[in-house]
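Q: just a sequence and a predicted model for now, questions to come.
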Amino acid sequence: MKSIEINVPRNLIKKFYRHPEPYGDGDYVVDLINGMYTDVFYREIGDFITITNDKELISYLKKNKLRPREYFFRNGVFSLRNVADCDKELIEEWKKISSISIQLDLPNDHNLPSEFMFCFYWIEVGIASLKENRMTLDIYEKELIGMLDIAVVLNLLQK
């Protein structure tokens, strides 16, 4: 069977890992919620694709449709969204590891919710909380985002 390009719905991805081979067969390796894994490529329109000839994987992906997530902010590879029920398990896992914690004063006229997910390439890498105009951003998926990228998003949020 020839390999095909197929969407990997974000809601089917449990965990992301940096691809072990730079410029290899994908941007990331992912664990799917059914226990399978595959390489995926980031797409700007809000999801991921894989190129595979694995019949079982193709069948699984075709049966499970994309359920889009709602983002209230997007700028290039950065996006923010409200915390959802699907985040509870991830947030519980994050409580077991240390984070990079950054505090930032925001302008008085910000319109951000009191708590939200911080995403990089559609991947949840941290969570932010607000008390008045003081935001605390906790980054847990440190291997998936660099400090320079964090600085860029912080600069965007201050404007």
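A: Sure thing, it's come through.
Q: now residue 92: which helix or strand?
A: Assigned by DSSP states H and E, residue 92 belongs to helix 88-94.
Q: go on, residue 79?
A: Counting by DSSP H and E, residue 79 is part of strand 78-82.
Q: give me the mean pLDDT for that strand.
A: The average pLDDT for strand 78-82 rounds to 93.
Q: how about the CA coordinates for it, as PDB?
A: Only the C-alpha atoms of strand 78-82 are listed here, as PDB (Å, rounded to 0.1, in the frame of the first residue of the first chain):
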ATOM      1  CA  PHE A  78       1.000  31.200  19.300                       C
ATOM      2  CA  SER A  79      -2.500  30.600  20.400                       C
ATOM      3  CA  LEU A  80      -4.600  31.000  23.600                       C
ATOM      4  CA  ARG A  81      -7.800  29.200  24.500                       C
ATOM      5  CA  ASN A  82     -10.000  28.800  27.500                       C
END
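Q: still on that earlier bit, I'd like to know which elements the helix or strand just after the helix holding residue 92 is packed against.
A: As assigned by DSSP H and E, the chain's next helix or strand after helix 88-94 is strand 100-105. Helices and strands touching strand 100-105, by 3 or more CB pairs under 8 Å, 6 or more residues apart in numbering; DSSP states H and E, are strand 134-139, helix 147-158. All C-beta atoms are positioned from the backbone trio N, CA, C, and that covers glycine.
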